[in-house]
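Participant: build me a structure from this.
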Amino acid sequence: MSSTDDAINAASDSIGRARGNQGSSYGDTLVRGAAIGAVVSLPIAGIGLLGGALLGAGVAAVDKILKD
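Facilitator: Model prediction:
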């Protein structure tokens with residue numbers, strides 16, 4: 001299994017857990033954002049999975065703070 005498959009599986013699992021909870025916690029929001037960011041960053045050279053995960057978690061955190 002490649003790292004791309006692992007990232008996609010992690011993102012899928014995270015999104016599935018997030019959809020299971022109606023009121024998602026701050027941690028769930030960060031995990032979902034990190035998973036989505038990691039998958040989105042795959043085709044972008046120079047960012048990598050970790051950079052995409054950090055960026056995705058940051059965007060999700062800001063979004064969660066502004067909504068609440």
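Participant: and stretch 8-16, how far from the chain's centre?
Facilitator: Centroid separation between stretch 8-16 and its chain, computed with Cα atoms, centre = their mean, to the nearest Å, is 8 Å.
Participant: and it, what's buried?
Facilitator: For stretch 8-16, burial by neighbour count (16 or more other Cβ atoms under 10 Å) applies to 10, 11, 14. To be clear about C-beta, it is placed using only N, CA and C from the backbone, and glycine gets the same treatment.
Participant: dump the residue contacts of the second one.
Facilitator: Residues counted as contacts of residue 11 (Cβ atoms under 8 Å, 6 or more residues apart in numbering) are 35, 36, 38, 39.
Participant: give me the neighbour count for residue 26.
Facilitator: Residue 26: 12 surrounding residues under other Cβ atoms under 10 Å.
Participant: what about the residue found closest to it once you drop the neighbours it is linked to in the chain, which helix or strand?
Facilitator: With Cβ to Cβ, 6 or more residues apart in numbering as the criterion, residue 26 has its nearest non-adjacent residue at 6.1 Å, and that residue is residue 64. Per DSSP states H and E, residue 64 falls inside helix 48-67.
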